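Colleague: Next come a sequence and a model predicted from it.
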Amino acid sequence: MDYNYHTHTVRCNHATGTDEEYIQRAIACGITDMGFSDHFPLSFSDGHESGYRVPVSQVSEYVASISALRDKYKNQIDLHIGFEMEYYPSRFDEMIAAARKYGAEYLLLGQHFIGEEWPNGFYVTLGSDSTDQLKEYTDCVVAGIESGLFTYVAHPDLFRYTGNDHDFYHEQAVRICRASIAHNVPLEINLLGLRAGRFYPQNAFWSIAGKTGCPVTFGFDSHAPEDAFDEASIPVAEELVRKFDLNYIGKPELILLK
Ligand SMILES: [Zn+2]
Ligand SMILES: [Zn+2]
């Protein structure tokens, strides 16, 4: 694996290390194409700012830091500047305009919340047996794919459905996979989920993905410099590709935000 477009920085408050340490680790391990996709800065109408994103006050420094490092290491690695972002229907246009203004080159869709996050949103990894919530999650992911603005979908299987309506789960997973095929937007096997032993990647989702033939890629989702290359998780992800007969495409094509 010589690419990774899913990298965070210390600015999101749940990652460690310097930007340069991530790059040095990636170069040392043979990564040739790397992207920083830290959590998109977002503030809410009551002034609330999420504690898990790049603060709005640090976004220009984030872009400036990665740009300077891109120049410094230009003979060793192709570096790209982006964000990981949700699809929030009522705020999407404004978010995309801000991403452009900040100078983002590309975006990953990472739908961590439904209900637009704050103040009444739901963090989708918490587990829910609500088909309405699962449908809302799927609606957001599908709309994000259809926007044509995302390079790929990070952890498309992030919603932890705990209900018994397996047909409904199947239907929603198929909607994501069909949108992925129709718009040629790959779905990511998330290597953070593998190395941290999380509930995702979910077999139920990837077995459906394998049957639809949608394009699949890998992302380290690095939150620490050593995970800018997570050697141990690659064979585990490759095993999922074999087990579910996934259409692994390798390095995804960057969708540049113009
Ligand atoms: Zn994160
Ligand atoms: Zn991420």
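Modeller: On my side now, so go ahead. Residues are numbered from 1 along each chain as shown. Ligands and ions are numbered 1, 2, ... in the order given.

Colleague: If you drop the residues flanking it in sequence, what lies closest to the residue of the stretch 151-258 of the chain found nearest ligand 2?
Modeller: Residue nearest to ligand 2 within the stretch 151-258 of the chain (Cβ to the ion): residue 221, separated by 4.4 Å. From N, CA and C alone the C-beta is placed, and that goes for glycine too. Leaving aside its sequence neighbours, residue 221 sits nearest to residue 192 (Cβ to Cβ, 6 or more residues apart in numbering; 3.6 Å).

Colleague: who touches the closest residue to ligand 2 within the stretch 1-150 of the chain in this structure?
Modeller: Per Cβ to the ion, residue 84 is where the stretch 1-150 of the chain lies closest to ligand 2, at 4.6 Å. Shown here is residue 84, whose contacts under the criterion Cβ atoms under 8 Å, 6 or more residues apart in numbering are 6, 8, 37, 38, 39, 40, 107, 108, 109, 110, 154.

Colleague: Take those residues and write them to a markdown table, including neighbour count, pLDDT and distance to ligand 2.
Modeller: Output for those, formatted as a markdown table (neighbours: other Cβ atoms under 10 Å; pLDDT from 0 to 100; distance: Cβ to the ion, whole Å):
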| residue | neighbour count | pLDDT | distance to ligand 2 |
| --- | --- | --- | --- |
| 6 | 28 | 98 | 5 |
| 8 | 27 | 98 | 6 |
| 37 | 28 | 98 | 6 |
| 38 | 24 | 98 | 8 |
| 39 | 22 | 98 | 7 |
| 40 | 23 | 98 | 11 |
| 107 | 25 | 98 | 12 |
| 108 | 25 | 99 | 7 |
| 109 | 25 | 99 | 11 |
| 110 | 28 | 98 | 5 |
| 154 | 25 | 99 | 6 |
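
Colleague: and the two most separated of those residues?
Modeller: 8 and 109 (15.4 Å; Cβ to Cβ).

Colleague: any idea whether the residue nearest to residue 221 is helix, strand or coil?
Modeller: For residue 192, the secondary structure call by DSSP: H, G, I helix; E, B strand; the rest coil comes out as helix.

Colleague: was I right about it contacting residue 227?
Modeller: Yes. Using Cβ atoms under 8 Å, residue 192 is in contact with residue 227, at 7.3 Å.

Colleague: out of the two, which sits in the more crowded spot?
Modeller: residue 227 (24 against 20; other Cβ atoms under 10 Å).

Colleague: show me the contacts for the more buried one.
Modeller: Residues near residue 227 by Cβ under 8 Å, 6+ apart: 191, 192, 195, 220, 221.

Colleague: What are the boundaries of the helices in the stretch 1-150 of the chain?
Modeller: 19-28, 59-72, 92-102, 131-146 (DSSP state H, counting those that start in this stretch).

Colleague: ugh, typo on my part, it should be the stretch 151-258 of the chain
Modeller: Under the criterion DSSP H, counting those that start in this stretch, helices of the stretch 151-258 of the chain are mapped to 166-183, 191-195, 203-212, 233-243.

Colleague: Thanks a lot, see you next time.
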